[in-house]
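In: Any chance you could fold what I've pasted below:
(one chain, ligands or ions: 2)
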Amino acid sequence: MTKVLVSDPIDQAGIDILSQVAHVDVRTGLVAEELLNAVADYDALMVRSGTRVTAAVIDAAPRLKIIGRAGVGVDNVDVTAATRRGVLVVNSPEGNTIAAAEHAMAMMLALTRNIPQAHASTMAGRWDRKRHLGNELYKKNLGVVGLGKIGAHVARIAQALGMVVLAHDPFISNERAQKLQVRLVELDALFEEADYVTLHIPRTHETANLVGEKLLKRMKPTARLINCARGGVVDETALVDALRNNTIAGAALDVYASEPLPAESPLRSVKDNLILTPHLGASTAEAQASVAIDVAEQIRDVLLGLPARSAVNIPGLSPDLIEALRAHLSLAEHLGHCISQLAGGNVQELEVRMQGELAARPSQPLVTASLKGLLSSALGERINYVNAGLEAKSRGIKVLEVKDEASRDYSGGSLQLICRSSSGFHKLTGAVFAGDELRITSVDSFPISVPPSNHMLFTRHRDMPGIIGRLGSLLGQHNVNIASMQVGRRIMRGDAVMVLSVDDPIPESLLEDITSIDGIREAHAVSL
Ligand SMILES: NC(=O)C1=CN([C@@H]2O[C@H](COP(=O)(O)OP(=O)(O)OC[C@H]3O[C@@H](n4cnc5c(N)ncnc54)[C@H](O)[C@@H]3O)[C@@H](O)[C@H]2O)C=CC1
Ligand SMILES: O=C(O)CCC(=O)C(=O)O
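Out: Ligands and ions are numbered 1, 2, ... in the order given. Here you go, the predicted model:
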């Protein structure tokens, strides 16, 4: 008997669909230990954000074929562990877009008109009209951080209210922004100019604690912050300080670094200028029905042996093709991830060049893997082989595919990515050496030979005596250990690149010191 465990509250419409093909058990509120004991017999698991599907849970479920997340974010599911075990993870990328966008707007309105405070005081028997003087949204600047599905819908609603919308999203093209009538700006400028800042980004390595003391200090004292995206993208300690010191006028949060929000969280003690809701962004009847139906249909189809439409992991490639291209797919992902971090500005175009023998292989998987790498900085684990092309298209990123059979640089061929962004362009080439060893073989047409590694530093500099020594000592002073270093140049004392592998991530502040070394024009920290 096929069995499905539903471990969070899911709309009945979803349960009805699952019941067409399986026995369904709804067991909500299980603590971690209970879930570990419960999952052993199940073929499918359906959750919302309340259940943590850890590697241990996946290991404890030998029959598990699919995990369905009734919502967008899959950060409560260990997707890597699921992929390793061959368990499909599916979600509902659009089912709750409207609900989340409307919640952000509701928070903005409640914040600016002091609705919760006025309600509490009126219920307590008072008639405080002066105390709750608010502000209008009309003609105010709204800064949207993350102009994806929810951010774009918020922008549309805000425009209807007469707000002027500016946005920051490195993975949205100017064309797309123009279509939405939104001005793209750098993050610092957004925080300086906005009267309201609303966050619609996923939590990734790059966005963790993105909004901290530094950005909060850039905000106007009359400005307000709304986070209905993900906990952990706002530094809660810095926010509490900013609210207590009235550095900003107010904030509204739906999501928290730790959920449920701990009873002793300092956020709970902020008075007057903070509104908290318990992760209600997707909690509308319409959104819950929509995500439940979307995900239940996918679980049903997969249990019947059919493909899923929104798989978060497992690429839609045949196992034979994956095996044949495994090393080159990994190379393409690494180059894509690397070039997105070199690009700096808004990515407009990615050219994928299959050179030499590689030009004879199927190109689509390599293009998809390059896009997956490119967008992984923005979308974290939500980007996959299934949605990479679509995500690039929806961001207005033009993708060019070129086959250059005449190139004869390496046996097995090479892969070149050329990324054009609002701040210029970068070119990376790589090849797979004997023993499936991946190598970056040139940067911006300067020859080098370095394996991609976890933490790297790329510089563009003038080839002159002493520069390598000065950089080495600066890194040493900051306790950054260099694992390897390579310089690529075409002529003596001309332009050159340097690629260093280091043991730890390079902090943003150190990059500023590096670029102040005489002769170093550009420095980029890259984490893979
Ligand atoms: N509070 C709630 O109940 C809900 C929260 N969410 C969360 O809202 C967030 C947004 O969801 P969607 O719009 O559906 O996702 P999406 O993938 O359509 O959009 C996210 C956007 O953020 C951008 N981005 C990534 N890193 C960035 C950075 N460092 N700076 C600026 N932009 C960056 C991406 O390029 C992308 O355009 C997700 O974290 C999702 O989990 C979604 C639904 C309900
Ligand atoms: O299931 C929920 O209510 C949370 C929704 C959410 O945060 C998401 O879909 O990313």
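
In: Residue 379 is in what secondary structure piece?
Out: Assigning secondary structure by DSSP states H and E places residue 379 in helix 364-379.

In: ditto for residue 523
Out: If you go by DSSP H and E, residue 523 is part of strand 520-527.

In: That strand: which residues count as buried?
Out: Buried residues in strand 520-527, counting neighbours by 16 or more other C-beta atoms under 10 Å, are found at 520, 522, 523, 524, 525, 526, 527. Bear in mind the C-beta positions are built from the backbone N, C-alpha and C, glycine included.

In: Same check on stretch 201-220?
Out: Using 16+ other C-beta under 10 Å as the test for burial, stretch 201-220 gives 201-204, 206-207, 210-212, 215-216, 218-219.

In: where does residue 178 fall, phi/psi-wise?
Out: Dihedral pair for residue 178: phi -60, psi -40, per degrees, to the nearest 10.

In: Residue 362 versus that one, what's the distance?
Out: Per C-beta to C-beta, to the nearest Å, residue 178 is found 35 Å from residue 362.

In: Give the helix, strand or coil label for residue 136.
Out: For residue 136, the assignment made with DSSP: H, G, I helix; E, B strand; the rest coil gives coil.

In: Near residue 222, how many other residues are there?
Out: For residue 222, the neighbour count with other C-beta atoms under 10 Å is 11.

In: Looking at the chain, which helix is longest?
Out: If you go by DSSP state H, the chain has its longest helix at helix 319-343.

In: Helix or strand next in line after that helix, which one?
Out: Downstream of helix 319-343, the first helix or strand assigned by DSSP H and E is strand 347-355.

In: Could you pull up the residues touching whichever residue of the stretch 101-250 of the chain sits closest to ligand 2?
Out: Going by C-beta to the nearest ligand atom, ligand 2 is nearest to residue 230 of the stretch 101-250 of the chain, at 7.5 Å. Residue 230 makes contacts with 73, 75, 201, 202, 203, 207, 255, as judged by C-beta atoms under 8 Å, 6 or more residues apart in numbering.

In: List the contacts of whichever residue of the stretch 201-350 of the chain sits closest to ligand 1.
Out: Nearest residue of the stretch 201-350 of the chain to ligand 1 (C-beta to the nearest ligand atom) works out as residue 281 at 2.4 Å. Residues counted as contacts of residue 281 (C-beta under 8 Å, 6+ apart) are 96, 99, 100, 103, 104, 228, 254, 255.

In: swap in residue 467?
Out: With C-beta under 8 Å, 6+ apart, residue 467 has these contacts: 461, 517, 518, 519, 520.

In: Separate out the buried members of those residues.
Out: Taking 16+ other C-beta under 10 Å as the criterion, what is buried in those is 461, 517, 520.

In: And the helices in the stretch 201-350 of the chain, which stretches?
Out: Secondary structure of the stretch 201-350 of the chain by DSSP state H, counting those that start in this stretch: the helices cover 213-218, 236-244, 285-303, 319-343.

In: Look up the pLDDT of the residue nearest the centre of the chain for me, please.
Out: Ranked by distance to the mean C-alpha position of the chain (C-alpha atoms, centre = their mean), the top residue is residue 379 at 2.9 Å. Here, the pLDDT recorded for residue 379 equals 83.
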